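# With the input below, show me the fold.
(one chain, ligands or ions: 2)
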Amino acid sequence: MTKINKAACIGGGVIGGGWIARFLLAGIDVDVYDPHPEATRIVGEVLDNAEKAYAMLTGAPLPPRGKLAFKETLEAAVEGADWIQESVPERLDLKRNVLRQIDAAAKPDALIGSSTSGLLPTDLQRDMRHPERLFVAHPYNPVYLLPLVEIVGGEKTSAATIKAAMDRLPPIGMRGVHIAKEIEAFVGDRLLEALWREALWLIKDDICTVETLDDVIRYSFGLRWAQMGLFQTYRIAGGEAGMRHFLAQFGPALQWNWTKLMDVVDLDDALVEKIGQQSDDQADGLSIRELERIRDENLVGILQSLKGGHGGKGWGAGKLLKDFEQQLWAAGGGAKQGLDITKPLRLIDTKVSPAWVDYNGHMTEHRYLQVFGDTSDALLRLIGVDLDYVERGHSYYTVETHIRHLGEAKLGQAIHSTAQILASDEKRLHVFHALHDSASGEIIATAEQMLLHVDAKASKAVAAPEEVLAKLRPISAAHAALAMPEGAGRHVGQKR
Ligand SMILES: NC(=O)C1=CN([C@@H]2O[C@H](COP(=O)(O)OP(=O)(O)OC[C@H]3O[C@@H](n4cnc5c(N)ncnc54)[C@H](O)[C@@H]3O)[C@@H](O)[C@H]2O)C=CC1
Ligand SMILES: C[N+](C)(C)CC(=O)CC(=O)[O-]
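Ligands and ions are numbered 1, 2, ... in the order given. Take a look at the predicted model:
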């Protein structure tokens, strides 16, 4: 897989801001040009939301955040960038002009993507000297959470550019789909526009309010679409006879008068005001930023559920998240190899996310076990017990855990965990983890665990192979020289 080393974002509004967050959180430096006087604040707020969302989305070790710089000119921003993303307002003349400037200043092998929602790449590349490197990279809002990018080439786009663009998306957790022919609005917005056009008629004709319309979507087919698209959903709706029966039964309805699609509603002042007022009522006082946070938390929940779908293999966007996390663990595990093994090993650095906080306002019980479990996983990766190892049929299973709660962890608090090996032999691994407040170093909780090396197929404990033990022994030996941590060997008990 080929990585982006430096990105430039031209335009830092809703979509540019989302791209900036996506790149930075994947560890890529980003230079931004946006003449808006408040661009820094706007991008900062999007980034803030994105970081909150990522803290909830994954426990995998994200790379150190890329460096963000705002530049005074477009030329300074694109200098040295190998992916340049144009996200300026949807006007052909403006985009052509901006793309011409990017083309003149970019390095020769830079990839130039446009976020346009519907303009044709052939029209966009008209004034470029090197049009072969321009393509549409149409994302979905919020770009930092929704993984899809529609990749569309124009008449002058080279096949190598399309391939390079597709290759660079998985390392930032995104999935490119190459649209075979360029048409206005590509695939996603064709569908969304059709739905939207119909929806506007339903509001104008007082069939329903915006809230009822949204309820119809979110309580029904909206839930289905997040996990299976249109066709797979309809295949199932055809019953045992599947898609062919579905088409025979419901196909004729397409001829009926069920749609006003071709007739575009006049968005006159009265209709704009009607929709605007109903939308204000629906928001019930929540600001855009608050709605964004609610949306992000819901999306994170959906993505995490999909990650557990298909018997734990992951399904759809959840499978993509699972694959992305595997990349992060592989990279993050490597980064931990420089650890000083003469001390308890600092293995997980994270923040208490909103989804971890309970009705008492602090981190809820099972999240402690999650962080301690992640700490054990990080320790296991250090000794070569990674996902490849598990797929080959062996693993370590936790057979006993004792957690002590000594302090509180509040929303957003930076925390980290350390691991000390108390004892180990061919089968057993006895560890003591501590969860620290990162600002003060104070211990908030501890967990003592016993893990057994197992043959996963046979479901029984077996000796770990020499390749694992050879990595485990030096850490065990170094930790044998450490003092026994306070609280080790404790059990839940009461003097009688
Ligand atoms: N908002 C959405 O839901 C989606 C939008 N898009 C596409 O993304 C593009 C941007 O849309 P939004 O982010 O929604 O618009 P926006 O209005 O939020 O942001 C546009 C930004 O471009 C900046 N800008 C204007 N002229 C500029 C110039 N010459 N150089 C650099 N920056 C300039 C503005 O200051 C503004 O910050 C459009 O092509 C749109 O079709 C794509 C997917 C979804
Ligand atoms: C409204 N829109 C056409 C700009 C929407 C998109 O392009 C994609 C999205 O995020 O819905």
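# make it CA atoms for all contacts and neighbour counts henceforth
OK.
# Assign a three-state SS to T446, would you?
strand (DSSP: H, G, I helix; E, B strand; the rest coil).
# could you list every residue that touches it?
Shown in contact with T446 (C-alpha atoms under 8 Å, 6 or more residues apart in numbering): I403, R404, H405, L406, F432, H433, A434, L435.
# tell me the phi and psi of the fifth one?
Reported as degrees, to the nearest 10, the phi and psi values for F432 are phi -130, psi 120.
# Tell me the helix or strand right after the host helix or strand of L452.
Applying DSSP states H and E as the criterion places L452 in strand 443-455. Next in sequence after strand 443-455, counting helices and strands by DSSP H and E, comes strand 460-461.
# what residues does this protein put near ligand 1?
The chain comes close to ligand 1 at residues 10-16, 33-36, 87-90, 98, 115-117, 138-141, as judged by C-alpha under 6 Å from any ligand atom.
# Determine which two of the contacts of T446 are furthest apart.
Taking C-alpha to C-alpha, the two most distant members of the contacts of T446 are L406 and F432; they sit 14.8 Å apart.
# So those two - more neighbours on which side?
Neighbours per residue (other C-alpha atoms under 10 Å) separate L406 from F432, with F432 holding more: 26 against 11.
# Quickly list what the more buried one is bridged to.
Q420, E448 (DSSP bridges).
# what secondary structure does the residue of the stretch 1-150 of the chain found nearest ligand 2 sit in?
As assessed by C-alpha to the nearest ligand atom, ligand 2 sits closest to Y140 within the stretch 1-150 of the chain, at 3.5 Å. Taken by three-state DSSP, the conformation at Y140 corresponds to coil.
# And it, how close does it get to T40?
Y140 sits 22 Å away from T40, going by C-alpha to C-alpha, to the nearest Å.
# Look at these two and report which has more neighbours.
Set Y140 next to T40 and count neighbours by other C-alpha under 10 Å: Y140 wins out with 18 against 15.
# and the more buried one, what is it in contact with?
Counted by C-alpha under 8 Å, 6+ apart, Y140 has contacts L146, P147, L148, V149.
# ok now do I172, which residues does it touch?
I172 touches R22, F23, A26, F324, counting by C-alpha under 8 Å, 6+ apart.
# Repeat the analysis, applying 7 Å as the threshold.
Contact analysis of I172 by C-alpha atoms under 7 Å, 6 or more residues apart in numbering lists R22, F23, A26.
# phi, psi of it?
phi -110, psi 20.
# quick revisit: for the contacts of I172, which single residue is the most surrounded?
In the contacts of I172, the most neighbours by other C-alpha under 10 Å go to F23, 27 neighbours.
# What strand or helix carries it?
Applying DSSP H and E, one finds F23 within helix 14-25.
# which helices and strands sit right next to that helix?
Contacts defined by 3 or more C-alpha pairs under 7 Å, 6 or more residues apart in numbering; DSSP states H and E place helix 14-25 against helix 39-57.
# ok, I443 - contacts?
Contacts of I443 (C-alpha under 7 Å, 6+ apart): A434, L435, H436, D437.
# mind redoing it with 10 Å?
Residues in contact with I443 (C-alpha atoms under 10 Å, 6 or more residues apart in numbering) are H405, L406, G407, E408, I415, H416, S417, A434, L435, H436, D437.
# and the fourth one, what does it touch?
Translated: E408. Contact analysis of E408 by C-alpha under 10 Å, 6+ apart lists G361, H362, M363, T364, D437, I443, I444, A445.
# Now do the buried residues in the helix-or-strand element of the chain with minimal mean pLDDT.
Every helix and strand in the chain was compared by mean pLDDT, DSSP states H and E; the lowest is helix 317-335, with a mean of 81. By 16 or more other C-alpha atoms under 10 Å, the buried positions in helix 317-335 come out as 317-330, 332-333.
# what lines up beside whichever helix or strand comes after it in the sheet?
Downstream of helix 317-335, the next assigned helix or strand under DSSP H and E is strand 345-351. According to DSSP bridges, strand 345-351 forms sheet pairs with strand 414-424 (antiparallel).
# now the helices for the stretch 351-496 of the chain?
For the stretch 351-496 of the chain, the helices defined by DSSP state H, counting those that start in this stretch cover 365-382, 387-391, 466-480.
# Remind me what the second one packs against, helices and strands.
Looking back up the chat, that one is helix 387-391. Applying 3 or more C-alpha pairs under 10 Å, 6 or more residues apart in numbering; DSSP states H and E, one finds that helix 387-391 makes contact with helix 317-335, helix 365-382, strand 394-405.
# Regarding the closest residue to A69 other than its chain neighbours, what is its secondary structure?
Closest residue to A69 apart from its sequence neighbours, by C-alpha to C-alpha, 6 or more residues apart in numbering: D31 at 4.8 Å. Three-state call for D31 (three-state DSSP): strand.
# bridging residues for D31?
Bridge pairing for D31 - DSSP bridges - gives A8, A69.
# Pull the contacting residues for K351.
51-52, 55-56, 59, 409-416, 437-438 are the contacts of K351 under C-alpha under 10 Å, 6+ apart.
# and the residue of the stretch 151-300 of the chain found nearest ligand 1, how many neighbours?
The stretch 151-300 of the chain approaches ligand 1 most closely through D189 (8.9 Å), counting by C-alpha to the nearest ligand atom. Neighbourhood size, D189 [other C-alpha under 10 Å]: 16.
# what do you get for Y389?
12.
# Hmm, S395 and it touching each other?
Yes: with contacts counted by C-alpha atoms under 10 Å, Y389 reaches S395, the gap being 7.2 Å.
# Contacts only, for the residue in the stretch 101-250 of the chain positioned nearest to ligand 1.
Of all residues in the stretch 101-250 of the chain, T116 sits closest to ligand 1, at 3.5 Å by C-alpha to the nearest ligand atom. For T116, the contact set (C-alpha under 10 Å, 6+ apart) comprises 15, 86-92, 95, 124, 135-139, 185-186.
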